[in-house]
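Participant: would you be able to build a 3D model of this:
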Amino acid sequence: MISLSKAKKALEASEEKAKELGTMITTVIVDDHGSIIAVSRMDGAISISPRFAHSKAYTAANLGAPTDMLAKYEGEGKPYFGFNTLFGGELTGIAGGVPVMMGDKLVGAVGVGGSMDVSQDAKCALEAKKVLES
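Facilitator: So this is what the prediction gives:
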């Protein structure tokens, strides 16, 4: 289980990385079913960033995989083609969602959205993940 206290520390770690990268993001932390535990939108982050972040966290939590790893499977003729339209568009293969493990158990995920360079979202999500898994 991810505690609210630890989730808040993870939000801070994600935002510190975003500041270092010169971007403004939203970070969402969810449980293993994709329900929100904590969310933070930095001042100046684009207005749609919370939806991006939640979709990434929801996907990583429910599929147990980083969202950027799914992209290679979602093209035409691939096994996950069109998966991003399932469940009303709640799933995504856009980088920035990472599962959170405690031992070998999936306990939740982090999603980050808002950067114009999704590799920056992924870097911020990994910073939050480090805090949650420590």
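Participant: what sits against the residue nearest to Leu63 when sequence neighbours are not counted?
Facilitator: What sits nearest to Leu63 in space, not counting adjacent residues and going by C-beta to C-beta, 6 or more residues apart in numbering, is Leu70, at 7.0 Å. C-beta coordinates here come from the backbone N, C-alpha and C atoms, glycine included. Neighbour list for Leu70: 59, 63, 80, 83, 92-93 [criterion: C-beta atoms under 8 Å, 6 or more residues apart in numbering].
Participant: return the residues in contact with the closest residue to Pro79 other than its chain neighbours.
Facilitator: Using C-beta to C-beta, 6+ apart and skipping the chain neighbours, the partner closest in space to Pro79 is Tyr73 (5.4 Å). Residues in contact with Tyr73, defined by C-beta under 8 Å, 6+ apart, are 79-80, 93.
Participant: Tyr73 and Ala45, how far apart?
Facilitator: Using C-beta to C-beta, to the nearest Å, Tyr73 is found at 29 Å from Ala45.
Participant: hmm, what's the outermost residue in this structure?
Facilitator: Going by C-alpha atoms, centre = their mean, the residue of the chain most distant from its centre is Gly77, 26.2 Å out.
Participant: that one - that's part of a helix, no?
Facilitator: No - assessed by DSSP: H, G, I helix; E, B strand; the rest coil, Gly77 does not belong to a helix; its assignment is coil.
Participant: now the residue nearest the centre of the chain: which helix or strand?
Facilitator: Centroid check for the chain by C-alpha atoms, centre = their mean gives Gly111 as the closest residue, at 1.4 Å. Element membership for Gly111, per DSSP states H and E: strand 105-113.
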